[in-house]
Every structure is written in C-alpha cells, then in structure tokens.
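**Student:** Attaching a predicted model along with its sequence, questions to come.
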Amino acid sequence: MSYKNFADIPKTYNPKDVEDKWYKYWYDHNLYHSEIDDSREPYTIVIPPPNITGILHMGHILNNTIQDIYIRYKRMCGYNACWVPGTDHASIATESKVVHYLKEKGIKKHDLTREEFLKYCWEWKDKYGGIIIQQLKKLGISCDWRRERFTMDSHYYKRVVETFVDLYKKGYIYRGFRMVNWDPASKSAISDEEVFYKEVNGKLWYFKYPVKDSEEFVVVATTRPETMLGDTGVAVNPHDERYKKLIGKKIILPIVGREIPLFADEYVDKEFGTGAVKVTPAHDVNDYEMGLRHNLEIINIFNEDATTNENVPEEFQNMDRYEARKKVVAKFEELGLLEKIDDYTNKVGYSQRGNVPIEPYLSEQWFMKMDELAKPALEVVLNGKVKFYPDHWVKTYEHWMSNIKDWCISRQLWWGHRIPVWYCNGDDHRTLECREPIVSVEPPEKCPHCGSTNLHQDEDVLDTWASSWLWAYDVFTTKEEQDYYYPTDLLVTAPDIIFFWVARMIIAGMHYKKEIPFRDVYFTSTVRDEQGRRMSKSLGNSPDPLELISEYGADALRFTMIYIAPLGQDVLFSSDKLELGRNFANKIWNAGRFLLMNVQNIPVDKELVDKYLDFTDRWILSRFQKTIDMFTRAIDNYEINNAIKIIYSYVWNDFCDWYVELSKQRLYNGTDEEKSAVLSRAISLFEEMLKIIHPFMPFITEEIWQLFDERKDGESISVTEFPKYYGILVDEIAESNMEFVQNVVTAIRNIRSEMNIPPSKLINVYLKTDKLTDEQNKYIKSLVRIDKLKTDPNMEKPRASASAVVKGCDIFIPLEGIIDINVERARIEKEIKRLNGSLEGVRKKLSNENFVSKAPPEVIEREKAKMNDWQAALAKLKSILEDLN
RNA sequence: GGGUUCUUAGCUCAGUUGGUUAGAGCGUCUGCUUGACGUGCAGAAGGUCAUAGGUUCGAAUCCUAUAGAACCCA
C-alpha cells in the first residue's frame, strides 16, 4: 500500500507516519457510528465527560484507553457498540476561567449583565472547550463522534431543569438557611464532597476572656482568632470541675465588649486546650449546633469574599480574614490578654476548586433530600446488579450511602443550569402565599397568587453534578434510543468521583428509569509519579500526554499504561517506562516485516493454510487457542493487565522467539508449495494475533493488517471478527513434543554459553534418547549451530564431552580440546546440588505418614512421579561426574 | 478515631478454590554485526514471600497479633 516494495519497510516502526492517517480514515468512514438495530445486542459506554476547561492528563489516558479497549473488543465480538463522547460545562471551573479571560481584556464580571457574561462564556467554550476532545482523538479512541454531547446542549439543559421541577414537586428539593461550605474565592457554596482536608502547621492561641463582675479570666484556645469577633458564648463541659462554679456567669468579650454567656454543653472536650471553648455560631458547624441548642445570637462577621463586615468593630472592618487574624492577636497582646501560643497541626478544609480554605458560612441555599432516593441505589450495588471492579469499593459506597446527607445543589454562579424558580416581587396585591417560590420549567407569566407579572428568577445555578447525574440516559435524546441503549454496559471512572458522580447516576437511574445506569463500573488506578506522588500542576510532575504520544506513539502509550496499571492499585508512571510499549510495537512491526519480506519471493495462497502441518504448526496453533481462551476470560473479568500480558507473552515468546525461527527451516529449505503453505499459515495466524492486539494498539495493527492484503476502501481491522476459541485445535501431544525440543535446545544453548563456545562455531551433539523423531531433530539442528547431530537410545558418552540431562534425553557435546573440566565439573555439581535440594523436600513429604494418609491421591502420585524423575536424573549426573573425575 | 487496601528479586508488580523447583518486565552480568528486529538475540545471577504466633499432612496463599505504607470518611 504505502510501500512500493516490501523490502523498503523501515527497520523501526515509526508511529508518526501512521497514526494520523488511520484516525482520519476511521473518522471519514464513520466506522464507529451506532444506530438502533434490533437484530443486534447493543454494548454501550458513556464517556465520563471531561471538563471543557480540562487539558489532557495521564488519568484521561488511562481511563479512555480502557474504555476504548472494551468498545473495540465488543465491537469486534459482534455487538452494536456505541461509545458516546462529550464534555461537561463545569460551572465553577469555567466561570473562573472566563473571569480570568475577561480580566485580561480589562473587563470585570460585575460590570456585565448576566446575559453579557454568558455570551462571553459561550464564546470561551467555542474557542477552548473542544481542546480536550481534540487531544483525546490523538489517543485513537473509537467514539461515536456523531453523538457528541455537552451538558448544556438545549435538550440536555431542559432535562436538567425538568428534573429539578419534578423533584421539587415530589418534595425532594427544598430551600433552607443553612451553614454551607463557602468558597470565598468563587463566592459560592460548594458541596461536602468538594472539600478536601489538608494538614496545616498552624498555631493554637490562648486568649484570656474576663468574667463579668470578677477578677477572674477564662482561657479559651482557638485556631482561628479572628472569629472571636463573632463570638456569642463560651462553652465548657458540664462535668468539668474547673469551670462548674462559673457556669451561668457572663463573659465580657474583649475588643468587642459584648456580654456573652458561659454555658455547659456535652460537646465540649475537657481535654482539648483549656477545656473552655469560644463559640462562634455563624462560622463553625459545631458552634452553630451549640448556638441552636442554647439560643445564642448568630452574628455573621464576614462578607462573601471572607473579608470582615460591618458587624465587627470599625477598626477591624473590611479586612481579609488573615489580616484580621493578625490584628486580633496583636490587640490581645496589647491588652495583656494573650496567654500563650502553641504550635498546632490541624486539618483545614479547602475548596477543591479555588484551593483556598473554605469558610463555614450561613446562607440561603437549595438542598436535595437524599436518604429516601439513595435506598434503591444502595440496594442494586449490594445485591450485585451493579458490579464494582475492584469490588472493595462496594464497602466505601455502602458507608457513604447509608450516612448520606442532604445535597446542597445551588451555586452562586452564572454559568450553568439556572435554577428554575421565580419569586413574586409583589405589588399592591401581594399576599402571604406570594412568598412561595414558583417552580416551573417554563418562565411563568404571572404570580399564581396575586397575578403580578413583576417576577424575578432565582440568581443561582445548579451544582454541575446535578446535571451530569443524568448523563447515562439523557445523552440519548429519544425514548427509543434510551430503551435500546440503556442501561449502559460499562462505566470507567476514577474512584475519587464515586460519590460525586457514580452514586448520583445510580440514584437518578433508579429513580427515573427504574433501572441501573450501568452493569459494571471499572475504577481506574491513580496515576502517580515515580516517587508515588499524585500528579499535579503545582508539582510539575505531570507529563504532557501529547508530547509522550509524539515521542513514543499512541499505541506505545496505551500499551504501557495498561501493562503497568493493575486493577485496584496505584500506578507509578515515568516516561521511560514507555520504552516497554515502544519496544513491543517495534517487535510486532518487525514480525510483520519478516513475513512481508518473504511475500516478495513466496506466493501467498490461502488454500494452503492448513497444508503441510507438522508438530510446530500444531503447537503454535494450540498455544494460540489457549491464548484466546485465557485472554477472553481475563478481559471479560476486567483483568486487562493480565489480558495484555497473555497476548504479549504469546506474541513475543511463542510466536517471535520460537515459531518464526522454526518457520525459517521450511521457508528456506522447503518445496515451493511447502514454503507457500508455511508463509500463508504464518500470515493468517499473525493477522489473527493482530486482531487480539488491536483493541490495545489500534494504529499499528491497522497499518500492518492493511499491508497484508489489498483491502477495499472502508475495510478496517477494527470491524473484523474477533478470534474465537476452538478447543478442537488444542493439541497436547504437539505441545509436549515442542516442549521437549525446547528443553533440549535450551540445554544445548546453556552448555554453549557456559563453555564459552562462540556462536559461530559449529558443534556436534549426541543425544541419548528414544523419543526424538527426525522431524524434531531437524528443528533442533536449525535452532542451534550444529554440524552433526546423532541420536541413539544406547548412546555412550563420548570422551571429553559436556553433558546435560533433561527428562527423556541425555545430551553430550564432545569438546575434545575445548572443554574445561573444572567448569564442566562445577556445572554438574551445581545441578546435582539443586536436584538434591528439591529431592529432599519430596522425600520428606512422602515419608510423612500424615501426608500419605491424608493428602489427595493425585497429589501423592504427582510427588512420587517427581521423585522418580529427579532420582533418575540425579543418578545420571552422578555417573557423569564420576566419569569426569 | 472509624473504614478500605497493601508489604513477594535491586526497582515495579503477577501468583486463581492452600498442593511441581514462587513467576514477569525493567535493571545487572556474560557472549553475539546468525539474511524481521541491538527498540534485538542467546545464556546467567538474584527471593527465609514484612515480623511473630496459630490452623493444616502441607501456607506467599487461611486466622490472630505486631510493625510499616497508602487511600477514604469523621
């Protein structure tokens, strides 16, 4: 095809020449498009939609490679394979990107109207939002690109809104004034799952609070001094003898001068700090709870960006929280109320988005009641309808689902699905009912209570996950499609979004479709650097996959990632590991090259593929069947790592190292028809091997497959049939004949190497055996450089020869004048020592009465056979050794 | 503090329901311009299976404890 002459095929595989070419070919021929076809079973995957702000990282590579392996494999197995790609609008991330983008243009978000801002968002999305998809294509993934979706497509947008309205009407969604995790950077609430905890080396400050009408002080310890400006109480444990007499007294809050109560609450830990804690109900979850229990005043001291507001003394107003902290501490010191400062390590909640410490903050938000919705979703995982791989994630899932809390779904952002709720601004006719929110898919014309048309819509948008939880079915836009493709078959995702996304998709699926969203969930490994650190932008330890692809090829990258990433374990990645995949690609390339070079001189005839079969052919075909069988079982069980090793070892060790070498004997010395049969068979087998490799390495397999024959336009290895297991081709006799040859050959090579016989030198080999056929001898001779090969069941050991014993055959290599008796003696002695060690173990077992009476008979038989073989070999070796002495 | 997982060769990892002499890749050592491949070929060295007990005829595998590591939740 691309080579005029097969002899021109380069010695090293160059992925750059082929990858873009075949990707375009697949795309142009629309090979991976799926339509409803009732005559075929669907196999469906929906992509975990990457953020439009995302850029390709190693996690995407691993995740999408796995999805592509399964979709390609199942497609070749005859399923109507459909892989739906798409992207996620990512409210917070995108909005901050756009704010930044506008800043560079000198525009401030709040100088714009909502509509103007959203126009910029779409502009940004059109410009940058498709980058990650373009990058993913470099990996060779076989998505159905005609089905590409976006979470803010009009159809999808509408479904998200409808879902909100429906759940509100069913009573699952409510509005509440609650303490939420506030991200002061994006000025929005975030959900519990978006908070991560960092160990921070901080301080513990001890403040003296004066007791009213007394000379006494109560000392409180705090990690957040600035919040004292909002303190409305001091709490102690009711059983704490130190403070019993003070309970009920008043404290004069320093700086502020507020009179606050000292009260008792079981929550207080006597051991922590001084046993007395300051209580700031507006800015700490536990304090908030205590505040409710004891009717404390709730004083909010922060603005939305966590600067201090008008509720604090004037000299502390409009300061950043950390600046306020310094100033408060300084003031305490000045007042002589700072008792001491200790070093203290504590865990601080950070926003996953803004990477700033979150602020517990009271605000009005929308929540979803989860406990009832979660029940069916928990059940289908516990009863195995949805299977997790690895399955230990079930326990984590169960724990979270059984303790599930209400979900804060509103975000104070503009980019996203705007909450479909309107409020009556009221006018003269305003009634009490007008306070009720008007929840509706379409904007209401007027207030249903007073008839006013003066309405305004809720300013907030929904949490992004409250849209992507519909992804598994609403990427399909008609009922017919949902009926055909849903439930999907496989979800491949990272375990860190098990709650964000996996759990919620199951919840949505069970509630709306009364059916699981996917049968199997594959949780990928976490890709780390060589030192085991998470890959991150700030560490700079995250390689650019596109550079890796350009250096090593997408196939090499895909192969290596799967090879080093076992199910359920983290993978330590470094780019030099890609040599493994690159080398394997090169090996495949050269095996193909070998066959194609022979096509120059030997005609290929498909009629001959099963003619002139000898034991080497039966062996390689038998091994191939077993390989298919093992491979299929591994991949069906999501042991991808294992599957790839099975095919790797077959291709490299069985086919290349042995079969190709064996085939040369006949390719160079056979009759014309025999040559043709051997070559045709090798090519036909190699094509089948390429099909198994194809899901892992789509480009190189396509390239070679296309070279083997004149293919029609639109033909592709990716839509051929996957090799099936035919047990009838398994041939144990051929395998054992081959194993015998391998053992003899290896033993001879070992002697050559240890005796330092140069590879160029021909040797004579005498075999004492009654088992080897002429055919086997022919191959032995061709695999080691042998001049004369003699076999005789009564062979006498020639003088001055090196020896080896394999089961069924004694090997003698006469080395008059070459042999170093000391080396040979050492070789034999070593072998004797090894055998003796092994024999000892077996003898011990067999002389143990308990073993003989209790172990199963077949185990005992095996041990006895072992002992006999080893004893025989040992006896031979001993006589050889005596002969040397 | 609760939960999950892990500890096997110098490194990274396999090792099915307990049953050959515990395997692979990388790395190391030796030799090799053998007509597919030096991104290769041939050969070799290298492990008290974290530690201590226990169950069993038999343990890398099952149980208990200890030590260490990672992750999740609070």
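**Tutor:** Looks like it arrived, so ask away.
**Student:** and for the longest strand anywhere in chain A, what are the contacting residues?
**Tutor:** Counting by DSSP state E, the longest strand found in chain A is strand A:195-210. Contact with strand A:195-210 is made by A:181, A:216-223, A:225, A:228, A:234, A:251-254, A:273-274, A:278, A:329, A:332, A:336-352, A:358, as judged by CB atoms under 8 Å, 6 or more residues apart in numbering. For every residue, glycine as well, the C-beta is placed using N, CA and C.
**Student:** Domain ranges for chain A, per the record?
**Tutor:** Using automatic domain parsing, the domains assigned to chain A come out as A:188-360, A:575-730, A:762-884.
**Student:** so what's residue A:185 up against?
**Tutor:** A:96, A:305, A:351, A:353-356.
**Student:** is stretch A:47-61 up against RNA strand B anywhere?
**Tutor:** No: judged by CB under 7 Å from any atom of the strand, stretch A:47-61 stays clear of RNA strand B, getting no closer than 13.5 Å.
**Student:** State the distance from the residue lying farthest from the centre of chain A to residue A:257.
**Tutor:** Of all residues in chain A, residue A:213 has its C-alpha farthest from the mean position, at 64.2 Å, by CA atoms, centre = their mean. Using CB to CB, to the nearest Å, one obtains 15 Å as the distance from residue A:213 to residue A:257.
**Student:** returning to what we had before: of the contacts of strand A:195-210, which belong to helices?
**Tutor:** Among those, the members falling in helices (DSSP state H) are A:329, A:332.
**Student:** Near RNA strand B, which residues of the stretch 401-550 of chain A are found?
**Tutor:** With CB under 7 Å from any atom of the strand as the criterion, the stretch 401-550 of chain A meets RNA strand B at residues A:403, A:495-496, A:499, A:532, A:534.
**Student:** which other helices and strands contact the strand or helix carrying residue A:473?
**Tutor:** For residue A:473, the element it lies in under DSSP states H and E is helix A:471-474. Applying 3 or more CB pairs under 8 Å, 6 or more residues apart in numbering; DSSP states H and E, one finds that helix A:471-474 contacts helix A:154-169, helix A:504-508.
**Student:** how about 10 Å then?
**Tutor:** Helices and strands touching helix A:471-474, by 3 or more CB pairs under 10 Å, 6 or more residues apart in numbering; DSSP states H and E, are strand A:42-46, helix A:154-169, helix A:465-468, helix A:479-485, strand A:488-493, helix A:504-508.
**Student:** if we can go back for a sec, which members of the residues of the stretch 401-550 of chain A next to RNA strand B are positioned in strands?
**Tutor:** Per DSSP E, the subset of those in strands is empty.
**Student:** Buried ones from those residues, can you make that a PyMOL selection?
**Tutor:** Buried residues among those (16 or more other CB atoms under 10 Å), as a PyMOL selection:
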select buried, chain A and resi 495+499
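**Student:** got a markdown table for the residues of the stretch 401-550 of chain A next to RNA strand B, with pLDDT and distance to residue A:107 too?
**Tutor:** A markdown table is the format used below for those (pLDDT from 0 to 100; distance: CB to CB, whole Å):
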| residue | pLDDT | distance to residue A:107 |
| --- | --- | --- |
| A:403 | 85 | 45 |
| A:495 | 86 | 40 |
| A:496 | 84 | 35 |
| A:499 | 89 | 37 |
| A:532 | 75 | 43 |
| A:534 | 76 | 35 |
